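S.K.: sequence isn't available, so here's the structure alone:
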């Protein structure tokens, strides 16, 4: 049986604590993960180069940029007006999800799914 060093123990404990914090919905996951990243870097479990390496991924940068666009559209209320006209008012959550399926499927063909979901959830 392989022995887990102190780095493994620190990582497991910090991940469990992070999951509890996110399950309790006390702090947003972005803040939890950035704090976890900083904590593991400060404890020298990972190097600063390893901590920064994830931010060089083009997919991550694209999703981050689309979240900014989605939040801007959400705050202006522009999408809500358009979607209310397209979708109308539904009787329940089930029918709201059914009506939202077509626009989400169409936009998912051209954009990343994560920002689309982030954009559409507040409309429900």
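M.R.: Great, that's in hand. If you're wondering where the values come from, they're calculated on a predicted model, not measured in any experiment. Numbers count the residues shown, from 1 in each chain.

S.K.: for the chain, which segments count as helices?
M.R.: 6-23, 29-42, 48-53, 58-76, 78-87, 93-108, 113-120 (DSSP state H).

S.K.: let's have those in JSON lines, adding mean pLDDT and mean neighbour count.
M.R.: Bear in mind the C-beta positions are built from the backbone N, C-alpha and C, glycine included. Conversion of the helices of the chain to JSON lines gives the following (pLDDT from 0 to 100; neighbours: other C-beta atoms under 10 Å):
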{"stretch": "helix 6-23", "mean pLDDT": "92", "mean neighbour count": "13"}
{"stretch": "helix 29-42", "mean pLDDT": "89", "mean neighbour count": "14"}
{"stretch": "helix 48-53", "mean pLDDT": "87", "mean neighbour count": "12"}
{"stretch": "helix 58-76", "mean pLDDT": "75", "mean neighbour count": "13"}
{"stretch": "helix 78-87", "mean pLDDT": "72", "mean neighbour count": "13"}
{"stretch": "helix 93-108", "mean pLDDT": "80", "mean neighbour count": "13"}
{"stretch": "helix 113-120", "mean pLDDT": "72", "mean neighbour count": "16"}
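
S.K.: contact partners for residue 41?
M.R.: Contacts here follow C-beta atoms under 8 Å, 6 or more residues apart in numbering; on that basis residue 41 touches 47, 48, 51.

S.K.: repeat that for residue 19.
M.R.: Counting by C-beta under 8 Å, 6+ apart, residue 19 has no contacts.

S.K.: how far away is it from residue 33?
M.R.: Residue 19 sits 11 Å away from residue 33, taking C-beta to C-beta, to the nearest Å as the criterion.
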